[in-house]
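Asks: what's the 3D shape of this:
(4 chains)
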2 protein chains.
Amino acid sequence: MSGLVDPVKIAEKLKDSLLKREVIILVGLFEVSYEGRASSILGLGERVLMIKSDHSIIIHRPTSYEPVNWQPPNSKIEVNIVDGRLTIIARRPKPSEILIVRFNEVYHYSSFKLRDEAEFYMYATEEDMKQAILMHPSLIEEGFKPVEDERKIHPSGFIDIFGVDASGRLVVVEIKRREASIEDIRQLVYYVDSIERELGSRPRAVIAAPSIQKSATRELTLHNVEYKCISPKKCLEILKKTKGLDRFTF
Amino acid sequence: MSGLVDPVKIAEKLKDSLLKREVIILVGLFEVSYEGRASSILGLGERVLMIKSDHSIIIHRPTSYEPVNWQPPNSKIEVNIVDGRLTIIARRPKPSEILIVRFNEVYHYSSFKLRDEAEFYMYATEEDMKQAILMHPSLIEEGFKPVEDERKIHPSGFIDIFGVDASGRLVVVEIKRREASIEDIRQLVYYVDSIERELGSRPRAVIAAPSIQKSATRELTLHNVEYKCISPKKCLEILKKTKGLDRFTF
DNA sequence: CCGTAAATTTCGCCA
DNA sequence: TGGCGAAGTTTACGG
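Replies: This next block holds a predicted model:
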């Protein structure tokens, strides 16, 4: 691939597009260095650089989901020609961090004034699971009654659902939309310990998730935690039935 | 903005570029739906869609660092014209998930065969901090001696550094490159509990991080955890001095 | 392939 | 603004 574009012209266009808060796409051969929360160096290679309207920057290699380098929104962006090379510097304060991009060649430049006011709707979240359980507490077990949704833990943290079982014993429910891990058990045990210190008696601990890791299962007995299998999709179906379909369809 | 490109022609180009494993950039007015681990709907808006060589897909709105929708690498991508609209469907098995993009207009299409073999070097990571401490254990405290780096915890989990203090007492060190949180304290306490169950005696617990959250500080006394202030940048400087600068410069 | 934890995690909510 | 936990987290590294 050969350099198709004059860096000086690109620099001019870039400055203009930045002022106009356009979304900018650059494809080329360049190197990157980052210094801030960490430090990184990326040698010469062909990749894509995008600058968004909020002056966030993402640099994508030809593969993988994640950007290799980036700068969060509201970075101060400088464009210069250094030794004949297009150079982009993005600075951010607090934490102080700087991203430097040095082009050897620019294969492509384009910029767009984009308008995107659409709402983004996400379903089958942990919050959806919580709502379904609050409306149908028997999803946890027969006789379960939520008493507070999201109790504050002293000194910090939140319990997903706090309730009592059929025999009147306190129950702490921790909800996970994905497979429960050992880390999740730790979180729940920490909550139950806090409650016990505060109230004097130890509540039951229930982790509600679509599945659980094998090693986490071993932790269950050790820490007296119960596992209840509930999936986010099932909860979403229940919400749809209860609240009506309209909120959930295109 | 008006639709500049014929969807049928775009579809042809797209299919060709996909076969060639090119990086594809599309800018246009489109809507997105996702169904898989969760469900999401994004209405009509102007945004950028990128398909990478590994057939991962990312969709970016005009603002924010993160993509609004995506599909991880190795998705099966179909391109069709449905009711005159360019439609891209990306499917993945395990977990079964599907992403559907329906264009109203395509403002821009380009594709590039990109070559990027460069190494990516990251510094001031948790691993760097660990190496610095192993080479200079007094960073933790005078008389500290690492005995095993990364002891296997029964039944699962890893300790960053395991050692003994000047008086011969066991010390478990948990390293964090960023501010230590209550979650990090939980992780460390879990390790120490495991060790205590295994060996019968309780080791000292030290969290080494550049700073610590206020609420986490309160947890320190409660769980007998000590905090040692160490920053990743400082550790990186030490590594540079000890191992030489060459590994760390451009 | 599963398990575990890091990450320049980012993001959103709530005090 | 800071603290806290979710996320379609993803990615990397063991066993």
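Asks: where does pLDDT dip in chain A?
Replies: A:1-4, A:148-157, A:244-250 (pLDDT under 70).
Asks: what ranges do the helices span in it?
Replies: Counting by DSSP state H, the segments of chain A that form helices are A:7-19, A:126-135, A:182-199, A:214-223, A:232-243.
Asks: what residues of the last one count as buried?
Replies: Read it as helix A:232-243. Within helix A:232-243, the residues that count as buried by 16 or more other Cβ atoms under 10 Å in any protein chain shown are A:232-233, A:235-236, A:238-240. Where you see a C-beta, it was placed from the backbone N, CA and C, and this is true even at glycine.
Asks: export these to CSV and append columns for distance to chain B.
Replies: CSV is the format used below for these (distance: Cβ to the nearest Cβ, whole Å):
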residue, distance to chain B
A:Pro232, 7
A:Lys233, 8
A:Cys235, 11
A:Leu236, 7
A:Ile238, 14
A:Leu239, 12
A:Lys240, 11
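Asks: most widely separated two among these?
Replies: Spatially, the most separated pair among these is A:Pro232 and A:Lys240, at 12.6 Å (Cβ to Cβ).
Asks: is chain B contacted by stretch A:190-209?
Replies: Yes: residues of stretch A:190-209 are located near chain B by Cβ under 8 Å from any Cβ of the partner chain, namely A:Tyr190.
Asks: now the end-to-end length of that stretch.
Replies: One end of stretch A:190-209 sits 18 Å from the other (Cα to Cα, to the nearest Å).
Asks: of all the helices of chain A, which one is nearest B:Lys145?
Replies: Here helix A:182-199 is closest among these (Cβ to Cβ), at 28.7 Å.
Asks: tell me which other helices or strands the closest one touches.
Replies: On a contact count with 3 or more Cβ pairs under 8 Å, 6 or more residues apart in numbering or on different chains; DSSP states H and E, helix A:182-199 meets strand A:170-175, strand A:204-209, helix A:214-223, strand A:225-229, helix B:182-199.
Asks: does DNA strand C sit close to that helix?
Replies: Yes: counting by Cβ under 7 Å from any atom of the strand, DNA strand C is contacted by helix A:182-199 at A:182-183.
Asks: next: stretch A:20-40.
Replies: Yes: using Cβ under 7 Å from any atom of the strand, we find that stretch A:20-40 touches DNA strand C at A:34, A:36-38, A:40.
Asks: out of these, grab the one that's most surrounded.
Replies: The most neighbours of any of the residues of stretch A:20-40 next to DNA strand C, using other Cβ atoms under 10 Å in any protein chain shown, belong to A:Tyr34, which has 23 neighbours.
Asks: so that residue makes contact with A:Glu97?
Replies: Yes: counting by Cβ atoms under 8 Å, A:Tyr34 does reach A:Glu97; the two are 7.1 Å apart.
Asks: just the buried residues of the strand ranked longest in chain A, please?
Replies: The longest strand of chain A (DSSP state E) is strand A:97-112. Neighbour-count burial for strand A:97-112 flags A:97, A:99-112 (criterion: 16+ other Cβ under 10 Å).
Asks: now it, how far from the centre of its chain.
Replies: The chain centroid and the centroid of strand A:97-112 are separated by 26 Å, computed with Cα atoms, centre = their mean, to the nearest Å.
Asks: please apply the same query to stretch A:121-128.
Replies: Offset of stretch A:121-128 from its chain centre (Cα atoms, centre = their mean): 13 Å.
Asks: domains of chain A?
Replies: A:7-112, A:126-248 (automatic domain parsing).
Asks: for B:Glu22, which of those is the nearest?
Replies: The nearest among those, by Cβ to Cβ, is domain A:7-112 at 8.7 Å.
Asks: so how far is the closest one off the chain centroid?
Replies: 23 Å.
Asks: quote the end-to-end distance of it.
Replies: 19 Å.
Asks: could you do stretch A:42-61 as well?
Replies: Taking Cα to Cα as the criterion, the two ends of stretch A:42-61 lie 10 Å apart.
Asks: got the buried residues for that stretch?
Replies: Under the neighbour-count criterion of 16+ other Cβ under 10 Å, stretch A:42-61 has A:42, A:44-61 buried.
Asks: please apply the same query to stretch A:115-128.
Replies: Residues of stretch A:115-128 classed as buried: A:116, A:118, A:123-126, A:128 (neighbour count, 16+ other Cβ under 10 Å).
Asks: list just the nearest of those to B:Glu142.
Replies: For the buried residues of stretch A:115-128, the nearest to B:Glu142 is A:Glu126 (46.1 Å; Cβ to Cβ).
Asks: for the residue lying closest to that closest one once chain neighbours are set aside, what are phi and psi?
Replies: With sequence-adjacent residues excluded and distances taken as Cβ to Cβ, 6 or more residues apart in numbering or on different chains, A:Glu126 is closest to A:Arg177, at 4.7 Å. With angles defined as degrees, to the nearest 10, A:Arg177 sits at phi -80, psi -20.
Asks: how many neighbours does A:Arg177 have?
Replies: 21.
Asks: related to what we said a few turns ago, do you know which of the helices and strands packed on helix A:182-199 lies nearest B:Ala11?
Replies: Per Cβ to Cβ, nearest to B:Ala11 of those: strand A:204-209, 41.4 Å.
Asks: I'd like to know which elements that closest one is packed against.
Replies: By 3+ Cβ pairs under 8 Å, 6+ apart, strand A:204-209 packs against strand A:170-175, helix A:182-199, strand A:225-229.
Asks: one more time with 10 Å
Replies: Other helices and strands packing on strand A:204-209, by 3 or more Cβ pairs under 10 Å, 6 or more residues apart in numbering or on different chains; DSSP states H and E, are helix A:126-135, strand A:161-164, strand A:170-175, helix A:182-199, helix A:214-223, strand A:225-229.
Asks: A:Ile207 and A:Leu220, how far apart?
Replies: Distance of A:Ile207 to A:Leu220, computed by Cβ to Cβ, to the nearest Å: 8 Å.
Asks: ok, back up a step: mean neighbour count, the helices and strands packed on strand A:204-209: which tops it?
Replies: strand A:170-175 (a mean of 23; mean count of other Cβ atoms under 10 Å in any protein chain shown).
Asks: near chain B at all, that one?
Replies: No: judged by Cβ under 10 Å from any Cβ of the partner chain, strand A:170-175 and chain B are separated, with a smallest distance of 13.0 Å.
Asks: which ones are touching A:Glu12?
Replies: Residues near A:Glu12 by Cβ atoms under 10 Å, 6 or more residues apart in numbering or on different chains: A:6, A:79.
Asks: follow-up on the earlier one: and the residues of stretch A:20-40 next to DNA strand C near chain B, which?
Replies: A:34, A:36-38, A:40.
Asks: can you verify my assumption that A:Ala132 contacts A:Ser138?
Replies: No: using Cβ atoms under 10 Å, A:Ala132 is not in contact with A:Ser138, being 11.1 Å away.
Asks: chain neighbours aside, what residue packs nearest to A:Met129?
Replies: In space, A:Met129 is closest to A:Cys235, 4.4 Å off (Cβ to Cβ, 6+ apart).
Asks: can you verify my assumption that the one you found contacts A:Lys176?
Replies: No: applying Cβ under 10 Å, one finds A:Cys235 not in contact with A:Lys176, separated by 11.9 Å.
Asks: tell me, what's touching those two both at once?
Replies: A:126, A:129, A:208, A:210.
Asks: list just the nearest of those to DNA strand C.
Replies: Proximity of those to DNA strand C was ranked by Cβ to the nearest atom of the strand; the top entry is A:Glu126 with 11.5 Å.
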